[in-house]
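Peer 1: Fold the following, please.
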Amino acid sequence: MLFSHGLGGSREGNAYLGHHWSARGFAIVAVQHPGSDDAVWRDARPAERLAAMEKAANLQNTLLRFGDIPAVIDQLEHLNRSNGSPLRATGPGRIGMSGHSFGQ
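Peer 2: Down below sits the predicted model:
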C-alpha cells in the first residue's frame, strides 16, 4: 500500500495508518514528496507559513507528485525481483494507494 502525504506533510505523518495496515498484513510505503513536503514551511517564520504552503500548492508540484508514484512503483518492482527481498511476495498487481488531502 502506498501512502501519499498532504501538502506540507511528510512520510512520518499519519504513521498510525501505516501501523494499522501493517498489523493486518499489508506492506506500507509512505512516499515523501520533495517540493511540497514539510520543508515548504519548516524554516519559515510562523507568519509566513501559510503563504509558503499556498505557494507550494501549484501545478508543478501536482505533476511532480504524479511522477513520484510511478517512480516508487518502479523501484518496488526492482526490489521485488531481487533475491532475498522481503518484498518478493508483493507484485505490481497487488498495489493499493491512499493519501491525505494534496496526497489524494
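
Peer 1: Tell me if I'm right that V72 and S4 touch.
Peer 2: No - contact criterion Cβ atoms under 8 Å: V72 and S4 do not qualify, at 9.4 Å. All C-beta atoms are positioned from the backbone trio N, CA, C, and that covers glycine.

Peer 1: any residues in contact with both of the two?
Peer 2: Residues touching both V72 and S4 (Cβ atoms under 8 Å, 6 or more residues apart in numbering) are V31.

Peer 1: Between the two, which is the more surrounded one?
Peer 2: S4 (24 against 17; other Cβ atoms under 10 Å).

Peer 1: Dig out what that one forms beta bridges with.
Peer 2: Beta-bridge partners recorded for S4 (DSSP bridges): V31, G99.

Peer 1: Can you report how many residues lie near Y16?
Peer 2: Neighbourhood size, Y16 [other Cβ under 10 Å]: 8.

Peer 1: List of residues touching whichever strand or helix holds it?
Peer 2: Following DSSP states H and E, the helix or strand that holds Y16 is helix 15-22. Contact partners of helix 15-22, identified using Cβ under 8 Å, 6+ apart, comprise 1, 3, 28, 30, 98.

Peer 1: contacting residues for the residue positioned nearest the centre of the chain?
Peer 2: Nearest to the mean C-alpha position of the chain, counting by Cα atoms, centre = their mean, stands V31 at 2.2 Å. Residues counted as contacts of V31 (Cβ under 8 Å, 6+ apart) are 2-5, 11, 68-69, 72, 103.

Peer 1: possible to save those as JSON lines with distance to D43 and pLDDT?
Peer 2: Listed next are the contacts of V31 as JSON lines, based on distance: Cβ to Cβ, whole Å; pLDDT from 0 to 100:
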{"residue": "L2", "distance to D43": "28", "pLDDT": "94"}
{"residue": "F3", "distance to D43": "25", "pLDDT": "95"}
{"residue": "S4", "distance to D43": "23", "pLDDT": "95"}
{"residue": "H5", "distance to D43": "18", "pLDDT": "94"}
{"residue": "R11", "distance to D43": "19", "pLDDT": "93"}
{"residue": "D68", "distance to D43": "22", "pLDDT": "96"}
{"residue": "I69", "distance to D43": "27", "pLDDT": "94"}
{"residue": "V72", "distance to D43": "26", "pLDDT": "92"}
{"residue": "G103", "distance to D43": "22", "pLDDT": "78"}
